[in-house]
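[1] coordinates for the following, if possible.
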Amino acid sequence: MCPNCILNQVGISPGLYVAFGVCLIFFVVGIVAMLWAFRNGEFEDMEEVKYEMMTDGESPVAPAHGQSQLSS
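    Prediction:
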């Protein structure tokens, strides 16, 4: 609040109540999301995530005996 508002004993405007309410809702949603993530094990293996992007999810398949890798 501004010093003039304090000196003139002006209350908080209704818009600030709405802004504080919206901030409180976002804060509560964030806390609930963090608790949900911890309970579901989202933060269990932090090291594996950086290696997952290196694999494409397919297991390497070796070519059969006598076949070349280049197709003509």
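
[2] pull the longest helix from this structure.
    Ranked by residue count under DSSP state H, the longest helix found in the chain is helix 14-39.

[3] pLDDT on it, on average?
    Computed over helix 14-39, the mean pLDDT rounds to 94.

[4] which helix or strand lies directly C-terminal to that helix?
    Following helix 14-39 in sequence order, the next helix or strand is helix 46-52 (DSSP states H and E).

[5] run through who's touching that following helix.
    By C-beta atoms under 8 Å, 6 or more residues apart in numbering, no residue outside helix 46-52 reaches it. Every C-beta, even on glycine, is put in place using the N, C-alpha and C of the backbone.

[6] any idea of the mean pLDDT in it?
    Helix 46-52 comes out at a mean pLDDT of 79.

[7] got the CA coordinates for that helix in PDB?
    Extracted in PDB, the C-alpha atoms of helix 46-52 (Å, rounded to 0.1, in the frame of the first residue of the first chain):
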ATOM      1  CA  MET A  46      16.100 -38.400 -11.200                       C
ATOM      2  CA  GLU A  47      19.200 -39.800 -12.900                       C
ATOM      3  CA  GLU A  48      17.400 -42.200 -15.300                       C
ATOM      4  CA  VAL A  49      15.500 -39.400 -17.000                       C
ATOM      5  CA  LYS A  50      18.500 -37.800 -18.600                       C
ATOM      6  CA  TYR A  51      19.400 -41.100 -20.200                       C
ATOM      7  CA  GLU A  52      16.000 -41.900 -21.600                       C
END
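
[8] excluding chain neighbours, what is closest to F43?
    Spatially, and ignoring its direct neighbours in sequence, F43 is nearest to A37 (6.4 Å; C-beta to C-beta, 6 or more residues apart in numbering).

[9] next, count neighbours for the one you found.
    As a burial measure, A37 scores 11 neighbours (other C-beta atoms under 10 Å).

[10] next one: E42
    Using other C-beta under 10 Å, the number of residues around E42 comes to 12.

[11] got the confidence number for it?
    Predicted confidence (pLDDT) for E42: 84.

[12] quick one: it from G21, how far?
    29 Å (C-beta to C-beta, to the nearest Å).
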